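# sequence isn't available, so here's the structure alone:
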């Protein structure tokens, strides 16, 4: 039993944090995605956590459930509203964002 996890790295407009993002599923590194790219990964059906990071920059943890044969998609970006962008210099977990598609 497996599902597919699709992670895209894109932003609408200009993005400051354009590096390659490392993908972590359930705390384990499973691959990476470059700017304007996407990657599909096989995951077991069930409950999982997802996070991306680029050096010291990282996203918050997103939880998702995947069923057999399902594709679960997320978009990763470093683009933030100005107050959150400024706060991210103090709190690295605010630097990157995962949005479920």
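That came through, no problem. Treat the numbers as computed from the prediction; the structure is a model and nothing was measured. Residues are numbered from 1 along each chain as shown.
# show me the shaky parts of this structure.
For the chain, the stretches with pLDDT under 70 are 11-18, 79-86, 88-89, 92-94.
# all helices for it, in order.
Secondary structure of the chain (DSSP state H): helices at 82-87.
# all strands of the protein, in order?
Counting by DSSP state E, the chain has strands at residues 2-9, 21-25, 28-33, 37-44, 46-54, 57-58, 62-66, 71-77, 97-100.
# of those, which is nearest residue 91?
strand 57-58 (10.1 Å; CB to CB). Glycine gets a C-beta too; all of them are placed from N, C-alpha and C.
# okay, now the sheet partners of the closest one, with direction.
strand 46-54 (antiparallel) (DSSP bridges).
# can you give the contact residues for the partner strand?
Contact with strand 46-54 is made by 5, 7, 9, 17, 19-27, 33, 58-66, 74, 76, 78, 95-96, 98, as judged by CB atoms under 8 Å, 6 or more residues apart in numbering.
# look up how far residue 78 lies from the closest residue to residue 3 other than its chain neighbours.
Nearest in space to residue 3, with sequence neighbours left out and distances taken as CB to CB, 6 or more residues apart in numbering, is residue 66 at 3.5 Å. Separation of residue 66 from residue 78 (CB to CB, to the nearest Å): 25 Å.
# the two: which is more packed in?
residue 78 (22 against 19; other CB atoms under 10 Å).
# shouldn't that one be in contact with residue 98?
No - Residue 78 sits out of contact with residue 98 when judged by CB atoms under 8 Å, with a separation of 11.0 Å.
# returning to what we had before: nearest to residue 90, of the strands of the chain?
Across the strands of the chain, closest to residue 90 is strand 57-58 (CB to CB), at 12.6 Å.
# picking up where we left off before, any quick ChimeraX command for the buried ones out of the contacts of strand 46-54?
The ChimeraX selection below is limited to those of the contacts of strand 46-54 classed as buried (16 or more other CB atoms under 10 Å):
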select :5,7,9,17,21,22,23,24,25,33,58,59,62,64,66,74,76,78,95,96,98
